[in-house]
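Engineer: no sequence on hand, only this structure:
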């Protein structure tokens, strides 16, 4: 299954911030005018969905090993220690991706300001130079030469 089709715990927040369902956001992100923040957010979302799938797999494997109807002779402390290490790594990755998405969304401008062009104030000089500092006008300025016969 494609990571785009997997849900993640950040989907609701991304839909809220960008104003469209995840499938539409993916379509927008592949366009030529895709906002860089959307592209990065969806990339992080894909990593998050994969990390959350890993967490779920390890959790399910541990639950299966610890099921009440399971033969206790099949339990392996080594396997459980290994699963605990995998679970810790997957949870660390999940937490890191969630934090990165949160930081990205906090760094974005508010939705009502995202489409506005940035205007910078440029000073305008409206004062004229006093006549004493103005460059002198050449004597022949604006006078056409007479042609000689």
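Structural biologist: Alright, I've got the coordinates. What you see is a predicted model, and the numbers here were worked out from it, not measured in a lab. Numbering: from 1, shown residues only.
Engineer: low-confidence regions, the chain specifically.
Structural biologist: Of all residues in the chain, those with pLDDT under 70 make up the ranges 1-2, 110-149.
Engineer: let's see it at 90
Structural biologist: 1-6, 30-34, 74-75, 108-149 (pLDDT under 90).
Engineer: please enumerate the helices of it.
Structural biologist: Secondary structure of the chain (DSSP state H): helices at 11-18, 22-29, 36-65, 77-107.
Engineer: what comes up buried for the last one?
Structural biologist: Looking back up the chat, that one is helix 77-107. Within helix 77-107, the residues that count as buried by 16 or more other CB atoms under 10 Å are 83, 86-87, 90-91, 93-94, 97-98, 100-101, 104-105. In short, each C-beta sits where N, CA and C put it, glycine included.
Engineer: can you list the helices of the chain in JSON lines and add distance to residue 3?
Structural biologist: Output for these, formatted as JSON lines (distance: least, CB to CB, whole Å):
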{"stretch": "helix 11-18", "distance to residue 3": "12"}
{"stretch": "helix 22-29", "distance to residue 3": "10"}
{"stretch": "helix 36-65", "distance to residue 3": "4"}
{"stretch": "helix 77-107", "distance to residue 3": "12"}
